[in-house]
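Asks: What follows is a predicted protein model with its sequence.
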Amino acid sequence: MKTNKHFQGERSGAAGEQASVLLIAEPGKATALAERIAKYLPQRLRSRDRLERRWTTCVRSKPYLSDEQTDFADVIGAVDPSSEGEDIVVYLTDLPRREDTLPVVADVSPGHCFALVSVAGVGAIHIERRVRAVTELAIARILGEPELMPQGAARRFPCAQTENGSRYFAPSGLRRLRLLSGMVRANRPWRLVAGLSKVLVGAFATGAIALATSTIWLFADTMGPWRMSAATLLSIVAMILWLIVDHELWERPKSSEGRDRSVLYNISTVVTLFIGVTVLHVALFCLLLFTACLTLPPELLARTLGHGVNFSDYLTLAWLLASIATIGGALGSGLEDDDAVTEATYGVRQRQRIKETRTRSNEANE
């Protein structure tokens, strides 16, 4: 157990007393978040600190947690906060942690001066503010000084005592939806759109070829909004299914204990892909609308349709072309680098994380 040289015994609050916090974060979004929190954490703690300590913070990017259900005691053993020079160690992970069906936002061990915070557990909005509040709450719990807690934080995050300290849960009300939204946000679906460049090029080529076919003009003029909407939905679903199958994104549970986790991972994958493919579809619509307006004269289109045309006819044509192009783009997704897609899914990243952890463990044993 770690013995803290600054906080043991009487806390007299002598002038010049220093306190240091180490934020350990997993590479990527969690590290960027830790750096932003570390920047303002000393000022926020000092403003509520009756002892007027001088707070310092530092950040380290390193993954320790290989699985979301890793026991908190094992995490403490892996991180070994007693070996650190800082007084308090807080580990930020992007993995979702749960107790049965309840999302866990933090595990705190005052005896080890250590806290584990789940970024996914706080939801998809106001992430920095919420993670910072949980971090400050954990520090206040470690020190046993309630005055350091953010206002209302203890009420928002229910607490339960555990064998190793305290466990804080997500706020009541739509907890699982909050966790799911946090996982989707951590998947960063906008990066999926940026990564599928070959899909976008292939889909646009498909749409451009279809634009030169007069039969497509007639289809767009006669299908109506309901059939067009159905075609759009089917094209998006086809793209999602192709991405899942081609890149092996579906998580299959190997045991009954892993079934709930697989369901959560798969739902977050589908939602992430739906957002990414929908944005891709909208981008195709805009590109094809611009191309149609630029290359297709109204007189030619009117002669084929048998009536006068206006901008709404171009919108309808681009709508149908985007649906056709999305299906064509699904075939192009097979040419895409797996990294562009797998980075947007929890299940694949989890398998990679476990593999890397085992590799490091074997190298350490050798």
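Replies: Good, I have the coordinates.

Asks: ok, and for the top helix by length along the chain, which residues are buried?
Replies: In the chain, assigned by DSSP state H, the helix with the most residues is helix 259-295. Judged by neighbour count (16 or more other C-beta atoms under 10 Å), helix 259-295 contains these buried residues: 261-262, 264-266, 268-281, 284-285, 287-289, 291-292. Just so you know, the C-beta spots here come from the backbone N, C-alpha and C atoms, and that holds for glycine as well.

Asks: how far does whatever helix or strand residue 220 lives in sit from the chain's center?
Replies: Element membership for residue 220 (DSSP states H and E) is helix 214-222. Chain-centre distance of helix 214-222: 41 Å, with C-alpha atoms, centre = their mean, to the nearest Å.

Asks: okay, now residue 178: neighbour count?
Replies: 21 (other C-beta atoms under 10 Å).

Asks: now the angle between helix 259-295 and the helix holding residue 220, please.
Replies: 110 degrees (axes from the mean of the first three to the mean of the last three C-alpha atoms, to 10 degrees).

Asks: what about helix 214-222, average pLDDT?
Replies: For helix 214-222, mean pLDDT is 90.

Asks: picking that back up, does the longest helix of the chain pack against any helices or strands, and if so which?
Replies: With contacts defined as 3 or more C-beta pairs under 8 Å, 6 or more residues apart in numbering; DSSP states H and E, helix 259-295 has these neighbours: helix 175-187, helix 189-195, helix 197-211, helix 224-246, helix 311-332, helix 346-365.

Asks: what residues does the helix holding residue 220 touch?
Replies: By C-beta atoms under 8 Å, 6 or more residues apart in numbering, the list of residues contacting helix 214-222 from outside reads 210, 228, 301, 304, 305, 313, 316, 317, 319, 320, 321, 324.

Asks: Model confidence score at residue 140, please.
Replies: So residue 140 comes in at 91 (pLDDT).

Asks: Ok, the one 4 residues further on next?
Replies: Looking at residue 144, its pLDDT is 89.

Asks: Touching, it and residue 108? I think so.
Replies: No. The criterion here is C-beta atoms under 8 Å, and residue 144 misses it with residue 108 at 11.1 Å.

Asks: These two - which one has more neighbours?
Replies: residue 108 (27 against 10).

Asks: Isn't the more buried one up against residue 165?
Replies: Yes. Using C-beta under 8 Å, residue 108 is in contact with residue 165, at 4.9 Å.

Asks: Pull up the overlap in contacts between the two.
Replies: residue 141.

Asks: what about the strands in the stretch 1-150 of the chain?
Replies: All strands of the stretch 1-150 of the chain, identified by DSSP state E, counting those that start in this stretch, fall at 18-25, 54-61, 88-93, 97-99, 102-109, 114-118.

Asks: Quick check: which of those strands has the most neighbours on average?
Replies: Mean neighbour count (mean count of other C-beta atoms under 10 Å) peaks for strand 114-118 among the strands of the stretch 1-150 of the chain, with a mean of 28.

Asks: what's the angle from that strand to strand 18-25?
Replies: Using the same axes, to 10 degrees: strand 114-118 against strand 18-25 is 40 degrees.

Asks: Keeping just the C-alphas, turn stretch 177-185 into PDB.
Replies: Below are the C-alpha coordinates for stretch 177-185, written out as PDB (Å, rounded to 0.1, in the frame of the first residue of the first chain):
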ATOM      1  CA  LEU A 177     -28.000   5.000 -23.300                       C
ATOM      2  CA  ARG A 178     -25.400   7.400 -21.800                       C
ATOM      3  CA  LEU A 179     -22.800   4.600 -21.800                       C
ATOM      4  CA  LEU A 180     -23.700   3.600 -25.400                       C
ATOM      5  CA  SER A 181     -23.400   7.200 -26.600                       C
ATOM      6  CA  GLY A 182     -20.100   7.600 -24.800                       C
ATOM      7  CA  MET A 183     -18.800   4.500 -26.700                       C
ATOM      8  CA  VAL A 184     -20.000   5.800 -30.000                       C
ATOM      9  CA  ARG A 185     -18.300   9.100 -29.300                       C
END
